[in-house]
Every structure is written in structure tokens, then in C-alpha cells.
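Asker: A predicted structure for the sequence below; I have some questions about it.
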Amino acid sequence: MQGIGLNSLKKNPALIPLYVCVGAGAIGAVYYTLRLATRNPDVTWSRKNNPEPWQHYRDKQYKFYSPIRDYSKTESPAPKYEE
């Protein structure tokens, strides 16, 4: 196929920005998927070490901006799940 090899990119340098944008988009998508898989409290990889991962975020700020500085002193709106 034309446009895939290095020789054809030398003949058509206008394709280089296309490859850069597609590559950056692919890297961004992979990064975001890995970030969601490792940082999201809904995902737990080790059930033995952290059986209730949502309780870790109980006293943390969820909003982008909030005038409240210390969430540990306020009542959390999250329900308490206990077995």
C-alpha cells in the first residue's frame, strides 16, 4: 500500500502530520484507558488487599473546585456500606 513505507513518506511529506495526529490520538487513548483501569475507585485489581476501594475516597474532594478545604471535618454524602 502506498503511504505506509518510509520511501513513500519521503515522496508525500504531507502525510507526516496525519501520522503524527493519529499516533498521538492512539497514545492518548491507551493512556486514558490505563489510567481508568488503575486509578478509578470502581475498579479493584486485588480483592484481598483492598476489599472496599470506594471507602478510600470517602473523605476526599470530588469537585473540581470547592471552598471547603478539609473534607475530613465535614459529613460525607456517600452512604456507608457495611456488611
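Answerer: Ah, there it is. Numbering: from 1, shown residues only.

Asker: how about the lengthiest helix in the chain: buried residues?
Answerer: The longest helix of the chain (DSSP state H) is helix 16-39. By 16 or more other Cβ atoms under 10 Å, helix 16-39 has no buried positions at all. For the C-beta atoms, the positions are set from N, CA and C on the backbone; glycine is no exception.

Asker: what residues does it touch?
Answerer: By Cβ atoms under 8 Å, 6 or more residues apart in numbering, the surrounding residues in contact with helix 16-39 are Leu9, Val43, Trp45.

Asker: most neighbours of all these, which one?
Answerer: Leu9 (14 neighbours; other Cβ atoms under 10 Å).

Asker: gap between it and Leu34?
Answerer: 29 Å (Cβ to Cβ, to the nearest Å).

Asker: so Ser8, which state does it fall into?
Answerer: helix (DSSP: H, G, I helix; E, B strand; the rest coil).

Asker: neighbours of it, how many?
Answerer: Neighbour tally, Ser8, other Cβ under 10 Å: 12.

Asker: so the residue lying closest to it once chain neighbours are set aside: helix, strand or coil?
Answerer: Nearest residue to Ser8 in three dimensions, chain neighbours excluded: Gln2, at 5.2 Å (Cβ to Cβ, 6 or more residues apart in numbering). Secondary structure, three-state DSSP: Gln2 is coil.

Asker: check what pLDDT Gln2 gets.
Answerer: At Gln2, the model reports a pLDDT of 72.

Asker: same question for Gly23.
Answerer: In this model, Gly23 carries a pLDDT of 96.

Asker: begin at 53 from here
Answerer: Okay, using 53 as the starting number, the last item reads as Gly75.

Asker: distance of it from Pro69?
Answerer: Gly75 is 11 Å from Pro69, by Cβ to Cβ.

Asker: before we move on, what about Ala81?
Answerer: 19 Å.
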